[in-house]
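Q: below is the sequence, then the predicted model.
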2 protein chains.
Amino acid sequence: MSEQAIPTLRTAEQLEAELRHIGATRYHILHPFHKLLHGGELNRGQVQAWALNRYYYQSRIPAKDATLMARLPTAELRRAWRSRIEDHDGTGAGTGGIERWLKLATGVGLTRAYVESTQGLLPGTRFAVDAYVNFVRDQSILEAIASSLTELFSPTIISERVSGMLRNYAFVTQDTLAYFTPRLTQAPRDSDFALAYVKEHARTPEQQEAVLAVLRTKCDILWAMLDALQLAYVDPGMIPPGAFVPSDR
Amino acid sequence: MSEQAIPTLRTAEQLEAELRHIGATRYHILHPFHKLLHGGELNRGQVQAWALNRYYYQSRIPAKDATLMARLPTAELRRAWRSRIEDHDGTGAGTGGIERWLKLATGVGLTRAYVESTQGLLPGTRFAVDAYVNFVRDQSILEAIASSLTELFSPTIISERVSGMLRNYAFVTQDTLAYFTPRLTQAPRDSDFALAYVKEHARTPEQQEAVLAVLRTKCDILWAMLDALQLAYVDPGMIPPGAFVPSDR
């Protein structure tokens, strides 16, 4: 299961095991910032910085999914993928995942207009998120679908976040964290679909290597987002010029 | 000179003054990592990490310039821009800025193959550099040219780097730093051209605001590259999974 192995054809089950190994070793559940967040070791300003920066990721996910959907060849595939966009954009004003993330951000004390402006975003967040959107646009359909496989690992990080944040922060309520509840069913539905697709379509050693590389890259993107928060708002606390400065530190 | 000012039409000289103000407040000469580097406060492994990561920037600059050159409308403009690509790619094997950067990287103890593979690159570096290339590809010609204006400020940072590194690191020689010598004449030639172009073509308040925003974004890119080095290799020393681990720490 070494990442430098000479390409060999894996069974679908071996491929899945290697994908899960990448999650076990590189998913951002292992990042120190996640541990601080759910462990209650951040102050309100630091939680605001997290909500503000993660908003940009949420807000770009439908663009990522639309650019892929535009290239999917069948109505069946597009329908499956369209449900992701519906989850994020909602079915009417005031619904959907982006809206619920804005509730989270305002729930921890930011204004909606400031969050939506992305004015105080860390440049490192912007570059990492844009890299994800561009990657999905520019790579093969197989790689683009595989890049969503981090959702295999998201139920665990979500449950750690929700239980930890509710327990540890007086300023966080169940209502503030409403974003996460539907994700616990949406993410497994989506990752089941993507995993089945990848296991069926990654049929050569080269395709399998590409799929594994993509999942590493996606883990790098999520990791880099927490790296940027760590540097700016935790240790050493070097906020880049122009980025959000918490009033509550 | 506030960045939030309501758009007004500036004279060319006012525009230049605002551009220079952005450099004075946001260029990466102000970043703590630059101060550690030229101040002799890094060990060899940390200097290697800098050389390795900065290599990716150097290696993508001709792609950035070619994607802009492809959109320039006249032979005159393309000729002016082509000289940048010649500077980096050289006029034959073993010449040019990228080759000289590889000499720098091998001079501080890395192997050429490892550097060229970009295997140990920090993801934050990759995302920031790719953001630059994509930005130049996707924005207006005026904005793409304006994004090169950080070269207005590079002679000072280069002279600080070269004198400081020669004075402070026994493992750095004049020969290792040969990359920088031609840059001291190339960068002013290029930035004179780009500044004259921008002063002539940014004729509306909106174009002037766009040009100022672009230069801030470019400063953010250079800053984010040093942020990534700072977090991984200085403080708190959190090297992301898969990135270069110095043997000399």
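A: Thanks, I have it. None of these values were measured; they are calculated from a predicted model. Residues are numbered from 1 along each chain as shown, chains lettered A, B, ... in the order given.

Q: please name the nearest non-neighbouring residue to the residue positioned nearest the centre of chain A.
A: For chain A, A:L222 is the residue whose C-alpha lies nearest the centre (C-alpha atoms, centre = their mean; 6.1 Å). Once flanking residues are discounted, A:L222 sits nearest to A:H28: 4.2 Å by C-beta to C-beta, 6 or more residues apart in numbering or on different chains. C-beta coordinates here come from the backbone N, C-alpha and C atoms, glycine included.

Q: how much space between that neighbour and B:T185?
A: Distance, A:H28 to B:T185, using C-beta to C-beta, to the nearest Å: 45 Å.

Q: now A:S59. Nearest residue, chain neighbours left out?
A: Leaving aside its chain neighbours, A:S59 sits nearest to A:I98 (5.7 Å; criterion: C-beta to C-beta, 6+ apart).

Q: now name the helix or strand holding the one you found.
A: Per DSSP states H and E: A:I98 is located in helix A:97-107.

Q: which parts of that helix are buried?
A: A:G97, A:I98, A:E99, A:R100, A:W101, A:L102, A:K103, A:L104, A:A105, A:T106, A:G107 (16 or more other C-beta atoms under 10 Å in any protein chain shown).

Q: output the contacting helices and strands for that helix.
A: The contact analysis (3 or more C-beta pairs under 8 Å, 6 or more residues apart in numbering or on different chains; DSSP states H and E) places helix A:97-107 against helix A:44-69, helix A:75-89, helix A:112-117, helix A:180-201.

Q: among those, which is the most enclosed?
A: Across the helices and strands packed on helix A:97-107, averaging neighbours per residue (mean count of other C-beta atoms under 10 Å in any protein chain shown) puts helix A:44-69 on top, at a mean of 21.

Q: and chain A, which residues reach chain B?
A: Proximity of chain A to chain B, by C-beta under 8 Å from any C-beta of the partner chain, involves residues A:3, A:25-26, A:32, A:123-124, A:126-128, A:130-131, A:134, A:216-217, A:219-221, A:223-224, A:227-228, A:230-232, A:235-236, A:238, A:240-242.

Q: and those, which are buried?
A: A:26, A:32, A:123-124, A:126-128, A:130-131, A:134, A:216-217, A:219-221, A:223-224, A:227-228, A:230-232, A:235, A:238, A:240, A:242.

Q: picking up where we left off before, out of the buried residues of helix A:97-107, which is nearest to A:S140?
A: Nearest to A:S140 among the buried residues of helix A:97-107, counting by C-beta to C-beta, is A:G97 at 26.5 Å.

Q: check contacts around the closest residue to the closest one other than its chain neighbours.
A: Excluding the flanking residues, the one nearest A:G97 by C-beta to C-beta, 6+ apart is A:H88, at 4.3 Å. When contacts are counted by C-beta atoms under 8 Å, 6 or more residues apart in numbering or on different chains, A:H88 touches A:Q58, A:I61, A:P62, A:D65, A:G96, A:G97, A:I98.

Q: quick one, what contacts A:L72?
A: Contacts of A:L72 by C-beta under 8 Å, 6+ apart are A:R78, A:W81, A:I141.

Q: now, which of those residues sits nearest chain B?
A: A:I141 (20.5 Å; C-beta to the nearest C-beta).

Q: surely that closest one touches A:L68?
A: Yes: under the criterion of C-beta atoms under 8 Å, A:I141 makes contact with A:L68 at 7.2 Å.

Q: please name the nearest non-neighbouring residue to A:Q174.
A: Nearest non-adjacent residue to A:Q174, counting by C-beta to C-beta, 6+ apart: A:L166, 6.5 Å away.

Q: tell me, how many residues neighbour the one you found?
A: The local packing of A:L166 (other C-beta atoms under 10 Å in any protein chain shown) involves 15 other residues.

Q: just for chain A, where's the confidence low?
A: Scanning chain A for pLDDT under 70 picks out A:1-5, A:248-249.

Q: what's the following helix or strand after the strand or helix carrying A:E13?
A: According to DSSP H and E, A:E13 maps onto helix A:12-26. Toward the C-terminus, helix A:12-26 is succeeded by helix A:32-38 as the next helix or strand (DSSP H and E).

Q: distance from the chain centre to that following helix, please.
A: 15 Å (C-alpha atoms, centre = their mean, to the nearest Å).

Q: now do stretch A:59-73
A: That offset, for stretch A:59-73, works out to 15 Å (C-alpha atoms, centre = their mean).

Q: can I get that stretch in PDB, CA atoms only?
A: Extracted C-alpha coordinates of stretch A:59-73, given in PDB (Å, rounded to 0.1, in the frame of the first residue of the first chain):
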ATOM      1  CA  SER A  59     -19.900  28.700  -1.800                       C
ATOM      2  CA  ARG A  60     -17.700  27.300  -4.600                       C
ATOM      3  CA  ILE A  61     -18.900  23.600  -4.400                       C
ATOM      4  CA  PRO A  62     -21.900  24.200  -6.800                       C
ATOM      5  CA  ALA A  63     -19.500  25.800  -9.300                       C
ATOM      6  CA  LYS A  64     -17.300  22.700  -9.000                       C
ATOM      7  CA  ASP A  65     -20.200  20.400  -9.400                       C
ATOM      8  CA  ALA A  66     -21.700  22.400 -12.300                       C
ATOM      9  CA  THR A  67     -18.400  22.400 -14.200                       C
ATOM     10  CA  LEU A  68     -18.300  18.600 -13.900                       C
ATOM     11  CA  MET A  69     -22.000  18.100 -14.700                       C
ATOM     12  CA  ALA A  70     -21.500  20.100 -17.900                       C
ATOM     13  CA  ARG A  71     -19.200  17.300 -19.100                       C
ATOM     14  CA  LEU A  72     -21.100  14.300 -17.900                       C
ATOM     15  CA  PRO A  73     -22.400  12.300 -21.000                       C
END
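
Q: what strand or helix carries A:E143?
A: helix A:141-146.

Q: which residues touch that helix?
A: Counting by C-beta under 8 Å, 6+ apart, A:68, A:71-72, A:135-136, A:194, A:197-198, A:201-202, A:207, A:210-211, A:214-215 sit against helix A:141-146.

Q: can you point out the buried residues in the helix or strand just after it?
A: Next along the chain after helix A:141-146, taking DSSP H and E as the criterion, comes helix A:154-168. Buried residues in helix A:154-168, counted by 16+ other C-beta under 10 Å: A:S154, A:P155, A:I157, A:I158, A:E160, A:R161, A:V162, A:G164, A:M165.

Q: between those residues, which is nearest chain B?
A: Taking C-beta to the nearest C-beta as the measure, chain B lies nearest A:I157 of those, at 15.9 Å.

Q: ok, for that closest one, nearest residue in space, not its chain neighbours?
A: A:I29 (4.5 Å).

Q: what sits against that neighbour?
A: Each residue near A:I29 by C-beta under 8 Å, 6+ apart is listed here: A:F153, A:T156, A:I157, A:E160.

Q: please dump these into JSON lines; it should also carry distance to B:R20 for every row.
A: Below are the contacts of A:I29 laid out as JSON lines (distance: C-beta to C-beta, whole Å):
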{"residue": "A:F153", "distance to B:R20": "47"}
{"residue": "A:T156", "distance to B:R20": "50"}
{"residue": "A:I157", "distance to B:R20": "45"}
{"residue": "A:E160", "distance to B:R20": "48"}
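
Q: what is the neighbour count of A:A70?
A: The number of residues packed near A:A70 is 10, by other C-beta under 10 Å.

Q: export stretch A:235-249 as CSV, just CAs?
A: Output of stretch A:235-249 as CSV, limited to C-alpha atoms (Å, rounded to 0.1, in the frame of the first residue of the first chain):
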residue,chain,number,x,y,z
ASP,A,235,0.3,29.7,15.9
PRO,A,236,2.2,31.9,15.2
GLY,A,237,-0.8,34.1,14.6
MET,A,238,0.5,35.8,11.5
ILE,A,239,-2.6,37.3,9.8
PRO,A,240,-1.8,38.2,6.2
PRO,A,241,-2.4,41.8,5.0
GLY,A,242,-6.1,42.5,4.4
ALA,A,243,-7.5,39.3,6.0
PHE,A,244,-10.1,39.1,8.8
VAL,A,245,-8.9,40.4,12.1
PRO,A,246,-11.1,39.0,15.0
SER,A,247,-12.3,41.6,17.5
ASP,A,248,-12.6,38.8,20.0
ARG,A,249,-9.1,37.3,20.6
